[in-house]
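Undergrad: fold the following for me, if possible:
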Amino acid sequence: MKKLVALLVICSLIGFALYAQGAKATAPTDGPGGKLVIYTTNFDEEYNLIVGGFEEKYPNIKIEAVTGGAGELKTRIKAEAQSPQADVMFGGLIYSDFVSMGDFFETYKAANNDAFPAAMQNTTGKLTNGTIQVVNLFVNKAEAKKLGVTITGYKDLLNPVLKGKIISADPGASSSAWNQLSTMLSSMGGYESKEAWDYLEALVINLNGVMSSSSSGAYKGVFNGEYVVGITYESPCLTYIQDGYGDQVEIVYPVEGSNAITFASAIVKNAKNMDNAKLFMDWIASDEGQGLWATSTVRPANTNIPITNAVLTPTSQIKLSTRDNDYLAKNQQAILNRWKDLWAKHN
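TA: Numbers count the residues shown, from 1 in each chain. Below you'll find the model as predicted:
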């Protein structure tokens, strides 16, 4: 019996050794390796879609990710400049970030840059455009019906019955909230007009102190029925519609006008995993990567790639107000300071 047991043990060990050897032999051994540290503002579906595709293409590269609001992550990149902890900022960057913190990013143009329409190419040398984001309002149908309100645009947010029932993210911490703030200004009279700033003051009063520190708080709060309206952006909202919750929530593109904003990624200056960071920028801009976005709730920056997701409303059916990126880049902080003054005045 002892001999039999010993024989079984030996056979088991040999079998395990052969299995391990086979597993090792089938594991990918070629291609780039090492790691890639990503700072990202992207919500789960978008992150998993693009980063998951990159991992399939480069299985030997280990991904480490830190998620957060755009303001938080950009602050970290600045603070870590002497010893960068991130390799790339994935999403959350717009043209004004090139103006305000371009020195914190590496100069690099993705291999497929020239395949983009001229307006969407990397003209800054730093920002690799990935997606186009349209801002919108997100409405909980049942809660709106209870209050007897119909929401078609920004003016409807001033309805007194909505006081304290609207949620926005902080424009100083969230890129989507900043885009909403700048869109409201352009759609409600102009960046420096008294009409637009009077509107914003009235909105601050009706928000009644409700503000989320991150963009996700706005759309999640509406979906969960905590708030009637969220001032947010379309990609995560469309995910709810795509997942079958269109009877509970709806997307409203303001009748006064929305904005379409190009969102970008960039390599952190002196990134420790520079080669892998460049591979990631190439992946974002590749036809394959852009094609993945086109199947999702996110609009690809390469508008030559046809959108294949039926839940996306064609841009031609959305009223868009004019957006002056140069003006906003030069005046972003002044606008944010003025907004903060209004917030402090009424809260």
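
Undergrad: what strand or helix carries Leu292?
TA: In this assignment (DSSP states H and E), Leu292 forms part of helix 287-294.

Undergrad: starting at the chain centroid, how far to that helix?
TA: 16 Å (C-alpha atoms, centre = their mean, to the nearest Å).

Undergrad: for stretch 36-44, same thing?
TA: Relative to its chain's centre, stretch 36-44 lies at 9 Å (C-alpha atoms, centre = their mean).

Undergrad: in it, what counts as buried?
TA: For stretch 36-44, the neighbour count (16 or more other C-beta atoms under 10 Å) marks Leu36, Val37, Ile38, Tyr39, Thr40, Thr41, Asn42, Phe43 as buried. C-beta here means a position set from N, CA and C on the backbone, and glycine is covered the same way.

Undergrad: so the third one lies in a strand, does it not?
TA: Spelled out, it's Ile38. Yes. Under DSSP: H, G, I helix; E, B strand; the rest coil, Ile38 falls within a strand.

Undergrad: ok, now which ones touch Gly246?
TA: The contact partners of Gly246, taken as C-beta atoms under 8 Å, 6 or more residues apart in numbering, are Tyr240.

Undergrad: tell me the phi and psi of the closest residue to Lys74 other than its chain neighbours?
TA: Counting by C-beta to C-beta, 6 or more residues apart in numbering, Lys74 lies nearest to Met101, which is 6.4 Å off, once chain neighbours are set aside. Geometry field for Met101 lists phi and psi as phi -140, psi 30, criterion degrees, to the nearest 10.

Undergrad: returning to what we had before: where is pLDDT lowest across the buried residues of stretch 36-44?
TA: When the buried residues of stretch 36-44 are sorted by pLDDT, the bottom entry is Phe43 at 77.

Undergrad: can you tell me how far it sits from Glu72?
TA: Separation of Phe43 from Glu72 (C-beta to C-beta, to the nearest Å): 15 Å.

Undergrad: any chance of the buried residues of stretch 36-44 in JSON lines, with distance to Leu147 too?
TA: Shown next, in JSON lines, are the buried residues of stretch 36-44 (distance: C-beta to C-beta, whole Å):
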{"residue": "Leu36", "distance to Leu147": "47"}
{"residue": "Val37", "distance to Leu147": "46"}
{"residue": "Ile38", "distance to Leu147": "41"}
{"residue": "Tyr39", "distance to Leu147": "39"}
{"residue": "Thr40", "distance to Leu147": "36"}
{"residue": "Thr41", "distance to Leu147": "32"}
{"residue": "Asn42", "distance to Leu147": "33"}
{"residue": "Phe43", "distance to Leu147": "28"}
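
Undergrad: out of the residues you listed, who's nearest Arg323?
TA: Distances from Arg323 to these, taken as C-beta to C-beta, are shortest for Thr41 (19.6 Å).
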